[in-house]
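In: no sequence on hand, only this structure:
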């Protein structure tokens, strides 16, 4: 599976973000299978009192329509983060658009970031307790968002649903030790689940950047710095199978699930 990972900094201006996404995706080459953008690509979280319900969009709104346009042009699946309109608080959603331009999956973030002095649950609704997987090229991808990385049970649920790679869009807030947390958790989820991980991060002053692509053995294939960037990498199904043959830890599990 040939992957492009877009690291960018979103603003609290949805139209400006669409312009930035459009420019970036227009510069990508054909032959990709998957393009991943960060959490909150559609619209940044903004200040704690910024009304996300007022800017949320539906899955047939202008942001997803833009993703659909570029997915069709590229012949690739495009995954990006948005705030999805509901009758109450919006969802923090990953929209996955297939090569034909149709929405093929939507993952509503399960674990909201009520941590490090912040309360995401004051502004957003938690999604259903269901693992979301989709097939792209010869891999089955499991979706998680940012803070979900701190909950290994979600990774287990995704591999039990057949995932052999994870896609993790994030807006990982910067702070003391936070880059170490980000790198460590991305690699830990890869190692313990013997999956590849594609982690697309927000850049900018508030966030850590450092988007990552990690193979199923936990080795970093690509890593961005703090600035906007586009990474390219390949995850190979045969290589993931080889790692699982050498380290069959998933088959050796003995503790029951919850």
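Out: That came in fine, so what should we check first? Note that the structure is predicted; figures quoted are calculated from it, not measured.
In: which other helices and strands contact the helix ranked longest in the chain?
Out: Ordering each helix of the chain by length in residues (DSSP state H) puts helix 178-193 first. Packed against helix 178-193 by the contact rule (3 or more C-beta pairs under 8 Å, 6 or more residues apart in numbering; DSSP states H and E) you find helix 152-160, strand 165-170, strand 196-201, strand 212-214. Where C-beta positions appear, they are placed from N, C-alpha and C, glycine not excepted.
In: the ones you listed: which one's closest to residue 68?
Out: For those, proximity to residue 68 was assessed by C-beta to C-beta; strand 165-170 is nearest, at 17.4 Å.
In: and the angle for that closest one with helix 178-193?
Out: Angle, strand 165-170 to helix 178-193, by axes from the mean of the first three to the mean of the last three C-alpha atoms, to 10 degrees: 160 degrees.
In: tell me the buried residues in stretch 199-218?
Out: Neighbour-count burial for stretch 199-218 flags 199-204, 207-218 (criterion: 16 or more other C-beta atoms under 10 Å).
In: how long is it end to end?
Out: Across stretch 199-218, the terminal residues are separated by 13 Å (C-alpha to C-alpha, to the nearest Å).
In: same deal with stretch 160-174?
Out: With C-alpha to C-alpha applied, stretch 160-174 spans 32 Å between its terminal residues.
In: could you list the buried residues of that stretch?
Out: 163-173.
In: for the residues you listed, which two are the farthest from each other?
Out: Checking these with C-beta to C-beta, the most distant pair is 164 and 173, at 29.2 Å.
In: what's in contact with stretch 236-245?
Out: With contacts defined as C-beta atoms under 8 Å, 6 or more residues apart in numbering, stretch 236-245 is touched by 1, 138-139, 164-165, 194-196, 215-217, 250.
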